[in-house]
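**Student:** My questions concern the predicted model and sequence given below.
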Amino acid sequence: MSAPAASDGPRVLITGGTGNTGRAVAARLEAAGARVRLASRAAPAPREGLDHARFDWADPATHEGALRGVERAYLVAPSVVEDPSALMLPFIDRALAGGVRRLVLLSASVVPEGGPGLGLVHRALRERAPEWAVLQPSWFMQNFVVPHNFRLAGILGPGEITTATGGGRVAFVDADDIAEVAARALLDSAPHNAAHVITGPEALSYDDVAAILSEVAGRAIRHVRADEAAARAHLVQAGVPAPYAALLVRLDLAIRDGAEDRVTDTVQRVTGRAPRAFRDFARAHAHVFHALHEPTHARRDGAVA
């Protein structure tokens, strides 16, 4: 990835600018000399040189300001929305009409082009954007360490990861590896004009994940193999809206049936370096698992977990 001077780098809009990949993509683009505009509903921490636009997929009044002067954009779908295409496609129309040439979409490995939701957005980019890329990562490693995530809550409480995946395997991927591919897709001189399926270096079952986390945490963490109804009830009890819980369980069943049992060379091929292994990720976050297991009264910050 070349590093243009800050004065002549492209202006790139990052939707979901405070999210898992958005922050990491923005940092890489700024280091390469791009002019970055973070777009999000909540303002990030202020800092010198920050260009932030308030942005809400569901509020078209926020779209014009976010797009003003932008040449390229990184698109992250609105969260917990069953069909994001209804919100994203009109925004893409507006972006293209306003002169945005390159669009990079964060989709998912289980979403085919033309399928419901993000699959329709994928197809729109391929058919209509002058320059485009669609990132189709496997499941994020960060789901096991991000606060308030239902996976982490299970590890925090009973020491369990409950899924309907059975023995199905997933090549979990680090969000930083996704961000590196995204940065290349946004800044490389030649557009990728391709869909990139992005995985980690090995496919693991949730039994494997539980064993690795047990090793790192120094305590027993087990994978509970639930049936479809039990897995859905578990998610709803954890606070996941029922329609979204049903969607997540359908994805679990796809994993059970082998949909995610694959490893690609995308990270190595696009970035020139190997993707991070799950065990290395877990070891780097060992403090999270240790801190979470401390009794509430022992927490140094006095917070109630």
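**Tutor:** Looks like it arrived, so ask away.
**Student:** And the contacts of whichever helix in the chain runs longest?
**Tutor:** Determined from DSSP state H, the single longest helix within the chain is helix 242-256. With contacts defined as C-beta atoms under 8 Å, 6 or more residues apart in numbering, helix 242-256 is touched by 80, 82, 110, 163-170, 228, 231-232, 235-236, 240, 260-261. Every C-beta, even on glycine, is put in place using the N, C-alpha and C of the backbone.
**Student:** Would you map the helices across the chain?
**Tutor:** Secondary structure of the chain (DSSP H): helices at 20-31, 63-67, 85-97, 118-128, 150-156, 175-187, 206-217, 228-237, 242-256, 266-271, 278-284, 286-293.
**Student:** tell me the most buried of those?
**Tutor:** Mean neighbour count (mean count of other C-beta atoms under 10 Å) peaks for helix 175-187 among the helices of the chain, with a mean of 24.
**Student:** Mind checking the pLDDT average for that one?
**Tutor:** Taken as a whole, helix 175-187 has an average pLDDT of 97.
**Student:** Name the residues that touch it?
**Tutor:** Contacts for helix 175-187 (C-beta under 8 Å, 6+ apart): 1-2, 10, 12, 20-21, 24-25, 28-29, 32, 34, 72, 74, 102, 104, 106, 133, 135, 137, 140-142, 192, 196, 198, 200, 266-267, 270-271, 273, 275-276.
**Student:** Buried among those? Need that as a selection in PyMOL.
**Tutor:** Buried members of the contacts of helix 175-187, defined by 16 or more other C-beta atoms under 10 Å, are picked up in PyMOL with:
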select buried, resi 1+10+12+20+21+24+25+28+29+32+34+72+74+102+104+106+133+135+137+140+141+142+192+196+198+200+266+267+270+275+276
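**Student:** backbone phi and psi for His148, please?
**Tutor:** Backbone torsions for His148, taken as degrees, to the nearest 10, come to phi 70, psi 0.
**Student:** how far away is it from Val240?
**Tutor:** Computed as C-beta to C-beta, to the nearest Å, the His148 to Val240 distance reads 11 Å.
**Student:** out of these two, which sits in the more crowded spot?
**Tutor:** Val240 (18 against 7; other C-beta atoms under 10 Å).
**Student:** For Ser214, see how far away Ala203 is.
**Tutor:** 19 Å.
**Student:** Check Glu202 too.
**Tutor:** 18 Å.
**Student:** One more: Glu82?
**Tutor:** Applying C-beta to C-beta, the value for Glu82 to Ser214 is 34 Å.
**Student:** Could you do Leu204 as well?
**Tutor:** In terms of C-beta to C-beta, Leu204 sits 13 Å off from Ser214.
**Student:** likewise Val110?
**Tutor:** Applying C-beta to C-beta, the value for Val110 to Ser214 is 27 Å.
**Student:** Check Ala179 too.
**Tutor:** 29 Å.
**Student:** And the closest residue to Arg225 other than its chain neighbours, how far from Leu235?
**Tutor:** Leaving aside its sequence neighbours, Arg225 sits nearest to Gly166 (C-beta to C-beta, 6 or more residues apart in numbering; 5.8 Å). Plainly put, Gly166 is 17 Å away from Leu235 if you go by C-beta to C-beta.
**Student:** Equivalent analysis for Leu156, please.
**Tutor:** Leu156 sits 16 Å away from Leu235, going by C-beta to C-beta.
**Student:** Apart from its neighbours in sequence, what residue is nearest Phe278?
**Tutor:** Phe172 (5.2 Å).
**Student:** Would you check that that neighbour makes contact with Val145?
**Tutor:** No - Phe172 is beyond contact range of Val145, at 11.7 Å (criterion: C-beta atoms under 8 Å).
**Student:** out of the two, which sits in the more crowded spot?
**Tutor:** Taking neighbours as other C-beta under 10 Å, Phe172 and Val145 compare with Phe172 leading, 27 against 19.
**Student:** what residues are up against the nearest residue to Ala34 once chain neighbours are set aside?
**Tutor:** Once flanking residues are discounted, Ala34 sits nearest to Gly9: 4.1 Å by C-beta to C-beta, 6+ apart. By C-beta under 8 Å, 6+ apart, Gly9 lies in contact with 29, 32-35.
**Student:** how near is Gly9 to Leu75?
**Tutor:** Using C-beta to C-beta, Gly9 is found at 20 Å from Leu75.
**Student:** same check, this time on Gly49
**Tutor:** Gly49 is 23 Å from Leu75, where distance means C-beta to C-beta.
**Student:** This completes my enquiry, with thanks.
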